[in-house]
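Undergrad: when you get a sec, could you give me coordinates for this:
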Amino acid sequence: MTNTMTKSIDLKKYIRDIPDFPKKGIIFKDISPLLGNRQAFRETIDLLAEQFKNERIESIIAIEARGFIFGSALAYKLGVGFVPIRKKGKLPYKTKSITYQLEYGTDTLEMHSDAVSPKARVLIVDDVLATGGTVRAVADLLKQHGAVIVGVASLIELTFLKGKDKLKDVPLYSLIQY
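TA: As a prediction, the model looks like this:
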């Protein structure tokens with residue numbers, strides 16, 4: 001996907017590398033400086049909103065936990081609903097769930113059973129697209145319940161992990177690539 005709005009600041013300069021976190025050999029992309037800078041955070045939300053403003057989105061589907069930050073701000077900016085995707089056991093009402101494979105084991109994600117109606121046009125939002133496993137699971141959960149996924153939006157895409165390969169059926173838009 002291409003963006004019609006141009007960046008006025010270099011968002012990458014607000015991403016801090018933390019070596020060996022959460023374990024040795026990993027370079028964690030810390031978004032805290034971007035969140036703490038009003039201009040960088042505002043531009044992030046404005047750029048994402050510009051990309052999807054004409055897609056007739058009904059709800060933003062945001063993935064726990066940092067996806068909530070971008071998803072809720074984007075939902076407000078676009079004037080649409082917000083649906084949190086949480087880890088198993090965190091939602092208080094009846095849920096729909098999906099269990100998916102991790103590198104070592106499985107995980108389960110849930111959303112409220114009445115959160116998305118069939119044929120609803122939705123946008124999946126997260127902070128980072130890495131291997132694509134979590135976003136793939138969310139997309140599958142939404143498709144099982146008849147939602148129309150207009151795209152996936154992320155602040156950062158770690159291209160070397162090839163997460164995009166798991167999402168060939170869904171348009172992907174990321175503001176920063178590493």
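
Undergrad: could you list the low-pLDDT ranges of this protein?
TA: Counting by pLDDT under 70, the ranges of the chain that qualify are 1-6.

Undergrad: quick check: residue 137 touching residue 96?
TA: No - counting by CB atoms under 8 Å, residue 137 does not reach residue 96; the two are 12.0 Å apart. Quick note: C-beta positions are derived from backbone N, CA and C, even for glycine.

Undergrad: more neighbours: these two, which one.
TA: Shown here are residue 137 and residue 96; by other CB atoms under 10 Å, residue 137 has more neighbours (23 against 17).

Undergrad: in which helix or strand would I find that one?
TA: helix 133-144 (DSSP states H and E).

Undergrad: mind listing what the closest residue to residue 106 other than its chain neighbours touches?
TA: Distances taken as CB to CB, 6 or more residues apart in numbering place residue 99 nearest to residue 106, at 5.3 Å, with adjacent residues excluded. Contact analysis of residue 99 by CB atoms under 8 Å, 6 or more residues apart in numbering lists 106, 107, 108.

Undergrad: give me the secondary structure label for the residue of the chain most remote from its centre.
TA: Distance from the centre of the chain peaks at residue 24, with 25.4 Å (CA atoms, centre = their mean). Here residue 24 is recorded as coil under DSSP: H, G, I helix; E, B strand; the rest coil.
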